[in-house]
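Novice: When you get a sec, could you give me coordinates for this:
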Amino acid sequence: MQKAVVRKTHNALDDRVNASQPTALPRLTALGKTLNESKVMKTFSAKPSDIKQDWLLVDGTDKILGRLASQIAIRLRGKHKPIFTPHMDTGDFVIVTNVEKLRVTGKKAFQKTYYSHSGYPGGVSSTNFEKLQDKYPDRVLKHAVKGMLPKGPLGYAMLKKLKCYVGDAHPHAAQQPKAVTL
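Specialist: Numbers count the residues shown, from 1 in each chain. Sure thing, here's the model as predicted:
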């Protein structure tokens, strides 16, 4: 019973407050239109038909490894495009030439360690940047970029769009890559 009395009291108070206020209140406007007429912004989600993947050519001569890798990861993921959608592969193909001429700062050439495991007990092997760069120049850049991409099937597909080559020559002339300085 008390709840019913309280409800009646609130309704009566609301009626008195509404009666004392003017009935025609100015409507809030957004850019000259009333809120009812204004368009609502919707989140854009890219469809496979919206995605256009370009081919980019990057020269790695005297570039710092980490700085180049972060720019390449952005391009592979597609974050530089206005149609970026996190769950879609909107990125471009990236060709990097002269990967043997990449450099690192400080003492990282001797101190930076790369690990690999054979799958057997005690099968961990390690090497430093200088030795890995001499033997497999492309692995250094791919390892750095892989750590900057999302993990899972989408990230692995993005990594496959990275093409690394020793020297200036590459077999992708038919794709007409655009030269980009990062």
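
Novice: ok, Y165 - contacts?
Specialist: I95, V96, T97, N98, V99, D138 (Cβ atoms under 8 Å, 6 or more residues apart in numbering). Bear in mind the C-beta positions are built from the backbone N, C-alpha and C, glycine included.

Novice: Tell me which of those residues fall in strands.
Specialist: Counting by DSSP state E, the part of the contacts of Y165 found in strands is I95, V96, T97.

Novice: Would you show me how to pick out the buried ones of those residues in PyMOL?
Specialist: In PyMOL, a selection of the buried entries from the ones in strands among the contacts of Y165 looks like this (16 or more other Cβ atoms under 10 Å):
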select buried, resi 95+96+97
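
Novice: just the ones in strands among the contacts of Y165 now: which is nearest E130?
Specialist: Nearest to E130 out of the ones in strands among the contacts of Y165 is V96 (Cβ to Cβ; 19.3 Å).

Novice: The closest one pairs with what?
Specialist: Legend: beta-bridge partners of V96 under DSSP bridges are V58, C164.

Novice: That one contacts V58, doesn't it?
Specialist: Yes: using Cβ atoms under 8 Å, V96 is in contact with V58, at 4.9 Å.
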